[in-house]
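Visitor: predicted model follows, preceded by the sequence.
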Amino acid sequence: MLKEIVDNMPKATEITATRAEQVFAQLQAAIIRGELAPGSKISEQDLADTYGISRGPLREALNRLEGQKLLVRMPHVGARVVSLGKRELEELYDVRAELEGMACRLAAARMSRDELDALYAVLQTHEQDPQFQAGTAYFEQDGDYDFHYRIISASGNETLKKLLCDDLYQLVRMYRIRFSSVPKRPQTALSEHYRIVDALAAGDGELAELLMRRHIQASKRNMASHFDDAHTEDTP
């Protein structure tokens, strides 16, 4: 009996791995929500003390965040939260507009009725979010609750999915959240999302692609017009 209990107990390596995963998720969320401001220095000792984790698993979590482009390592400085300049952000939005437009065109020819219904349901969830109804922010969750993520996944193009749902995904989310609370932008964005889904439901790939490009370019203009204010808030 005792042997069975011991055999079923989590091993030390499993506990460490679980804790490292928890810390990774907590740090990722803190960066994306802006609780760890862009450009802020990351102290391994402070984080180890705060989260009660040893340096090994912590470094593993930091390496994963660096792989998601949320952290950058600078010579003689160490790790910092990523902080993109205005021009870098504009280029990122331009890349998104082209690639997500393509994803829309491909998805229009491939999405099933069930997938379209699920996409409409996602938008209804967004519409019912208390922060959205208060006009303070757009609903921001990742994966299947993310309008953009679902369309990219439905495109059927694995290269697009890797670029937009893996390599750049969390970095893009960080800045989408950062600029989604501008007055009137949440309502405008939702209206644009509905028009895109209507085009997908009609199987009109050209229109869906055009609407997605316009939507992301509108987000780019929103970012550019409020970038300086947000940058000032981040400055110590």
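Guide: Received the coordinates, thanks.

Visitor: name the SS class of the most centrally placed residue in the chain, please.
Guide: Central residue of the chain (Cα atoms, centre = their mean): Arg173, 2.6 Å from the mean position. The assignment at Arg173 comes out as helix when based on DSSP: H, G, I helix; E, B strand; the rest coil.

Visitor: and the gap between it and Lys162?
Guide: The spacing between Arg173 and Lys162, counted by Cβ to Cβ, to the nearest Å, is 16 Å. The way it works is simple: take the backbone N, C-alpha and C, and place the C-beta from them, glycine included.

Visitor: ranges for the strands of this structure?
Guide: Using DSSP state E, the strands of the chain run over residues 71-74, 78-81.

Visitor: list the residues that contact the residue lying closest to Gln217 once chain neighbours are set aside.
Guide: Nearest non-adjacent residue to Gln217, counting by Cβ to Cβ, 6 or more residues apart in numbering: Ala97, 5.6 Å away. Neighbouring residues of Ala97 by Cβ atoms under 8 Å, 6 or more residues apart in numbering: Met212, Arg213, Ile216, Gln217, Lys220.

Visitor: wait, doesn't the fourth one sit right on Glu90?
Guide: No: contact criterion Cβ atoms under 8 Å: Gln217 and Glu90 do not qualify, at 10.2 Å.

Visitor: most surrounded residue in the contacts of Ala97?
Guide: Comparing those by number of neighbours (other Cβ atoms under 10 Å), Met212 comes first, having 29 neighbours.

Visitor: any stretches of the chain with poor pLDDT?
Guide: Across the chain, the ranges flagged by pLDDT under 70 are 1-17, 133-143, 181-183, 229-236.

Visitor: any idea how far the longest helix belonging to it is from the middle of the chain?
Guide: Of all segments of type helix in the chain, defined using DSSP state H, the longest is helix 205-234. Distance of helix 205-234 from the chain centroid (Cα atoms, centre = their mean, to the nearest Å) equals 15 Å.

Visitor: quick one: buried residues of that helix?
Guide: 205, 207-213, 215-216, 218-220, 222-223, 227, 230 (16 or more other Cβ atoms under 10 Å).
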